[in-house]
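K.L.:
Model the following, please.
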Amino acid sequence: MKPVIDHVQITVADMVAAVPFYDRLMPMLGFDPERRGEAVLDEHEMHVVEYIHDDVIVAISSPRACFAEEAVHRRKPGALHHLAFRASSRAEVDRLHDGLVAMCADVVEPPRLYPQHGAHYYAVFFKDPGGVKLEVVCEGPVE
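P.N.:
Residues are numbered from 1 along each chain as shown. Have a look, this model is predicted:
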């Protein structure tokens with residue numbers, strides 16, 4: 001088996017805040033807005049939005065009502081620590097950063113080399129409106 005991720009579903013704190021954020025972010029990451037799906041699954045007490053790409057599907061979903069007031073913490077057991085997307089160049093990381101700034105995203109760490117992760121590890125780290133940490137990384141040498 002080849003270890004390829006088919007889909008990732010992230011429970012976000014607030015769909016009202018998260019959906020507009022992800023609707024702007026995902027096209028910058030190469031997702032076609034025309035391939036976005038959305039459903040409310042009453043039997044699961046869930047609102048879900050899927051961003052579909054040929055290589056991977058990323059979905060966000062609402063929390064159950066009993067968890068709605070809990071804060072996101074990436075170090076809780078079972079929590080998503082962060083989700084990283086691969087860029088093809090440092091310039092692509094920089095362009096994404098510019099887009100994040102334009103949408104007033106919470107940029108945690110600006111684009112730069114992070115040598116603790118490798119000699120050519122160039123990334124930007126940011127958070128969604130509910131505190132889920134995301135990253136865009138290029139691991140190649142300077143173009």
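
K.L.:
Now the closest residue to Val49 other than its chain neighbours: which helix or strand?
P.N.:
Nearest residue to Val49, sequence neighbours excluded (CB to CB, 6 or more residues apart in numbering): Glu38, at 4.8 Å. Glycine gets a C-beta too; all of them are placed from N, C-alpha and C. Using DSSP states H and E, Glu38 sits in strand 36-41.

K.L.:
Show me which positions of that strand end up buried.
P.N.:
Buried residues in strand 36-41, defined by neighbour count with 16 or more other CB atoms under 10 Å: Arg36.

K.L.:
Quick one: mean pLDDT for that strand?
P.N.:
Strand 36-41 shows a mean pLDDT of 97 in the predicted model.

K.L.:
can you state the direction angle for whichever helix or strand comes after that strand and strand 36-41?
P.N.:
Going down the chain from strand 36-41, the next helix or strand is strand 46-52, by DSSP H and E. Per axes from the mean of the first three to the mean of the last three CA atoms, to 10 degrees, the angle that strand 46-52 makes with strand 36-41 is 160 degrees.

K.L.:
which helices and strands does strand 46-52 pack with?
P.N.:
Contacts defined by 3 or more CB pairs under 8 Å, 6 or more residues apart in numbering; DSSP states H and E place strand 46-52 against helix 15-28, strand 36-41, strand 57-61.

K.L.:
neighbouring contacts of whichever helix or strand comes after the shortest one?
P.N.:
Toward the C-terminal end, the helix or strand that comes next after strand 57-61 (DSSP H and E) is strand 83-86. Residues external to strand 83-86 that are found in contact with it (CB atoms under 8 Å, 6 or more residues apart in numbering): 8, 10, 29, 58, 123, 132-139.

K.L.:
chain center to strand 83-86, what's the gap?
P.N.:
7 Å (CA atoms, centre = their mean, to the nearest Å).

K.L.:
Would you mark the buried spots in it?
P.N.:
For strand 83-86, by 16+ other CB under 10 Å, it's Phe85.

K.L.:
That one pairs with which strands, parallel or anti?
P.N.:
strand 133-138 (parallel) (DSSP bridges).

K.L.:
Chain neighbours aside, what residue packs nearest to His73?
P.N.:
Ala79 (6.4 Å).

K.L.:
I'd like the distance between the one you found and Ala59.
P.N.:
16 Å (CB to CB, to the nearest Å).
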